[in-house]
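**Q** sequence and predicted structure, then a few things I'm wondering about:
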Amino acid sequence: MSGPHESGAFAALRGQLQEAATAFAGGPDALEGILLGMVDDVDRAVREPLEIFPVCHHSPASATAMARRLREKQPKVVYLELCEDMAPLLTELRNCRLPVAVQAFAGDVDGFPQAWAPLSVVAPVTEVSAEYQAIAYALDTPGVELVLVDRSADHVFQWDTGGEQVREAAAEDTGPPAETETEAEAALHGEAVGVGIGDLRPRFAELEEHLLRHGKVRHWSEWWHQYVEVPLGDSAADHDTYRQVMFLIGSLFRRLAPGDGARVRVDEDRERYMWTRMREHLTATGTDPADCLYVCGAFHAASRVEESGLHGTDTYPISPRTATTWQYGLIPSSHAAIEAQFGLAAGSVSIASTEWAKSLRRTRVQPYRLAGQAGTKKSPAKKAAAAKTSAAKPRGRQAAVPAPESATADRLSGFLRRPPVLDGLDEAELLGWSVDIVRAARRNGYLASTADAIAVFETSVLLAGMRDRAKPTPYDFQDAAVTCIEKDAVPGRRDVRRLVEIMMGGDRIGQVGYDALPPLARDVHDRLAPLGLKLQQRGMQRALMDMASRPELRACSDVLWMLRRLMPHGAARPIMGERRLGERSIQESWDLALGTHQRALIELGYEGVSIEQVLEQRLRRDAYGPQTTTATVLAAVEDATLYLRSRRLADELGTHALKVLATERSVDGAPEVLRRVRGLLAYYRTSEPVLPPWIESFVKTGYAHYCTLLPVAFRDEDATVGQVAAMLGFLFSMESLALSLGCDRAQLELAVAQSHPEEPAKTALLWAAQVRLGTLSRAELRGRCDALLDNPLVVPAYPRYLSGFVHALEPVPGLADVVVEAVSNAFGRLPDAVLLPWLPLLITTLRSGAAELAPLLIREAGRIFPGRLAALDAWIPPWRTPPAPPAGRRTQSAGNGRQGAALLPAHPAACDAVAELLGCTQGWTRADVPPPPGTGVGLLAVHPAACDAVADLLGCDGAWAASGSSPSGAALATRHPATAKALESLLTST
């Protein structure tokens, strides 16, 4: 290939730049090399046999020039700078309303660090972009092939900068969730790495600062609009001028890029990759390069790598892809999301959309649109004009127009010497803007008037004059509106700057059509069809479901509950109704925003073909993850039962929870484990004939596990009192089931005996456990509490003791009266000088550590204390009431002593049956004959306590009868008439 200096097309421009460099720098130096190198880059790109079309992403000037060039040249092959593995999705763009983004997604990685997962790459597409014009032309024109030549999504992360982009995206997403409307729309792409065509921005910070300062603009988007878009968008700027100017800008930014070795190396590798793919395609198909068009960013168009061009070297090896499985789809995008993804100024894409519409009207260029494209309906007049145009054209594809000889002529010199075109002030347009912004401000709560509209108009003209512009740009108008209308506070949701963006076209949000959705998303829409809602529309919609009258809505309810579990908050929010273990609502009300969260629904489709499959996969991932805990696995068991009603999956995850519990050495998740195990036990006891084997084993293992950890947890400073209370709650509440399964209660008794806490709260908790086990009486516990109040050194720590007692209500709820007594004694006995400083500590301690147990304490206090204020003065606390004396044995009167004496003689069968049962062969003893020594009657006389014990056991309150001294058999009835009667009833019943 001939060198660029052999061409004389740009000889005059080289001479002028060389003279300028000598004048400015005083001689040949780096400046001369940069300026002449830029001309060489332009010359080389212009002379390339394969026509290169440089673009800038989301540029109206590039889109207009692309549409004009496509209609002139009619290329057979269009090479496009876009990830080559995204090609199959481009045909689905016709089923979407732009803007949307083509996405490559990988949830499970193989060949990349696990910390990078999930991987996501998005390429946004808007109608105001040159790439969309090329795609629409290639897909709707017969015989035209569209070839994507950029690196694949896998190579985006293979190359070094991929990991840096992932980490940067994750670091940028550490803030709070989006709260405002703009933030929510800007987050449509999530953490995805953005790829686009024509990322054209100075990488030399000093250069960008210099351009902004001398251009009298605030940000790069405004500079590009003023000094590139407006001149190139003029109808006088032909195709050759456009190409050479874009080549020059790309070369300038490339040569003034800082020494970021990694980024420069990736850019050069992309250029080698793309040229290698294009040469491979040309060789395989035999296509004439003159019938092809290469669409790429202006930065890459001025490439200087050896592999660039059709005659470049073929020494670049393309590495194979990793084993990562990639999923592809379309997700909704928005102007705000594109601006946030590529660092553009807020509202710049909306302003570009407005300028695109004005450019089409001014230049009369007919753009390309995909047939059936949603959101691009033509008016009847336009349809008729388009029909006449298509009828006038010959059928079939026109032959390619060869490039004229003047294509390589120097157009830069004339463009650079030409003074800027001063557009006259369009007063009608500016007046319309001023009136519209005042109307929008009044609707949003601003006190704006006609005077403000006049002020905005005049200020826009003034700002444009101060910035050396004859015509106010949308950015000048935005600054003027903020200056004249904005107040100290924003009265509504949107400020004036946001209102101007909306007025200029708004933050248009795209939508993926039903036919372009993945199978899972289509399945969700089909299953929710009985609701009769337009779920693809953005915004909130209310769904009312009465399952009693319409049983078919139960299936919709199941889908909505699973979506609530899988999708972000706000996508499906229940207003009325709940789903808990063992409970099903008969009426439900939902707020649905599936259209707003369409991206999340589409990404669910990358994980499976149904939401049941995705939910099962996520539950398994949560349960078998490296950082999983017993509480996490039990939560997965509960969700599997609640949403999927899968006994198989619940048993599998429950068995795994048993293994995880056995390996845990901390008690951090004890409260959550206790809550979930109680709920699952209650559910299985009411819905299953027998408990599942895994939960029996879990209770048995958990009993032994927590008994082992209990002494350590009492001494561990990191273990909170709530966690220790949850352990005791598990042990005491599951004790009966654990003992029936073979556990030994001695384990718990030994664990409590070996516990020696030092913290006051844990000490109180240990006392409560001892009361529950019976090793400490309530009287002793009350004595210890009184001793604490009597000790002035312990009084400041008394709130922490109370906190422990309140937490003890979890494992020992029967101590509620003792806790109420302890609190009441503190208020009753402590002086104000001690109580008042101590009271805030008590309140904060109970609120922070035992807020969920306060209702139980309040209910017990309400039961103990009087309900009326008048009765409070005469009320005596139960713990101050003296105990009643024990009921003594009183001797019955002689008149009543013989009340039960006639029972045995009257009913001898009772004594005969007892005697026969006990093997006694002696007969009845006569009253006048003393009993022989050692007989049963004599034993009763010697040991009367035995009869007393039997009487208490049988509930007989009769006393000893006063009778004669003969201890005969008849005297038994005299001594214990009630006992004899009870025995007679017992034996008669048997």
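**A** Nice, thanks for sending it over.

**Q** only C-alpha atoms for contact and neighbour calcs from this point on.
**A** OK.

**Q** what's the burial count for residue 608?
**A** As a burial measure, residue 608 scores 16 neighbours (other C-alpha atoms under 10 Å).

**Q** list the contacts of it.
**A** Residues near residue 608 by C-alpha atoms under 8 Å, 6 or more residues apart in numbering: 520, 614.

**Q** next, it: secondary structure please.
**A** coil (DSSP: H, G, I helix; E, B strand; the rest coil).

**Q** same question for residue 768.
**A** When classified by three-state DSSP, residue 768 comes out as helix.

**Q** dump the residue contacts of the residue lying closest to it once chain neighbours are set aside.
**A** On the basis of C-alpha to C-alpha, 6 or more residues apart in numbering, the spatially nearest residue to residue 768 that is not a chain neighbour turns out to be residue 808, at 6.2 Å. Taking C-alpha under 8 Å, 6+ apart, we find residue 808 in contact with 725, 764, 765, 768, 769, 815.

**Q** can you tell me the closest non-neighbouring residue to the last one?
**A** In other words, residue 815. Leaving aside its chain neighbours, residue 815 sits nearest to residue 809 (6.5 Å; criterion: C-alpha to C-alpha, 6+ apart).

**Q** beta-bridge partners for residue 146, please?
**A** residue 78 (DSSP bridges).

**Q** then residue 295?
**A** Beta-bridge partners, per DSSP bridges, of residue 295: residue 53, residue 80.

**Q** counting neighbours, what do you get for it?
**A** Neighbour tally, residue 295, other C-alpha under 10 Å: 25.

**Q** by mean pLDDT, which helix or strand of this structure comes out lowest?
**A** helix 380-392 (a mean of 42; mean pLDDT, DSSP states H and E).

**Q** ranges for the strands of this protein?
**A** 51-55, 77-83, 96-97, 100-106, 119-125, 145-150, 193-194, 292-297, 327-332, 511-512, 541-546, 572-576, 587-592 (DSSP state E).

**Q** in CSV: the ones you listed, plus mean pLDDT and distance to residue 838.
**A** Formatted as CSV, these follow (pLDDT from 0 to 100; distance: least, C-alpha to C-alpha, whole Å):
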stretch, mean pLDDT, distance to residue 838
strand 51-55, 90, 73
strand 77-83, 92, 68
strand 96-97, 88, 65
strand 100-106, 88, 58
strand 119-125, 88, 55
strand 145-150, 92, 71
strand 193-194, 60, 56
strand 292-297, 91, 71
strand 327-332, 88, 58
strand 511-512, 88, 61
strand 541-546, 91, 51
strand 572-576, 92, 43
strand 587-592, 93, 47
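
**Q** residue 821: which of those is closest?
**A** Among these, strand 572-576 comes nearest to residue 821, with 40.9 Å by C-alpha to C-alpha.

**Q** kindly reformat the strands of the chain as a markdown table containing distance to residue 477.
**A** Shown next, in a markdown table, are the strands of the chain (distance: least, C-alpha to C-alpha, whole Å):
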| stretch | distance to residue 477 |
| --- | --- |
| strand 51-55 | 27 |
| strand 77-83 | 35 |
| strand 96-97 | 29 |
| strand 100-106 | 29 |
| strand 119-125 | 28 |
| strand 145-150 | 39 |
| strand 193-194 | 31 |
| strand 292-297 | 30 |
| strand 327-332 | 30 |
| strand 511-512 | 30 |
| strand 541-546 | 37 |
| strand 572-576 | 40 |
| strand 587-592 | 38 |
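
**Q** now for residue 732, how many residues are close by?
**A** What residue 732 shows, counting by other C-alpha under 10 Å, is a neighbour count of 20.

**Q** name the nearest residue to it, sequence neighbours excluded.
**A** Residue 732 sits nearest to residue 811 (C-alpha to C-alpha, 6+ apart), 6.2 Å away.

**Q** now swap in residue 299 and tell me
**A** Per C-alpha to C-alpha, 6+ apart, closest to residue 299 is residue 250, 4.2 Å.

**Q** surely the one you found meets residue 298?
**A** Yes: counting by C-alpha atoms under 8 Å, a contact exists between residue 250 and residue 298, whose distance comes to 4.8 Å.
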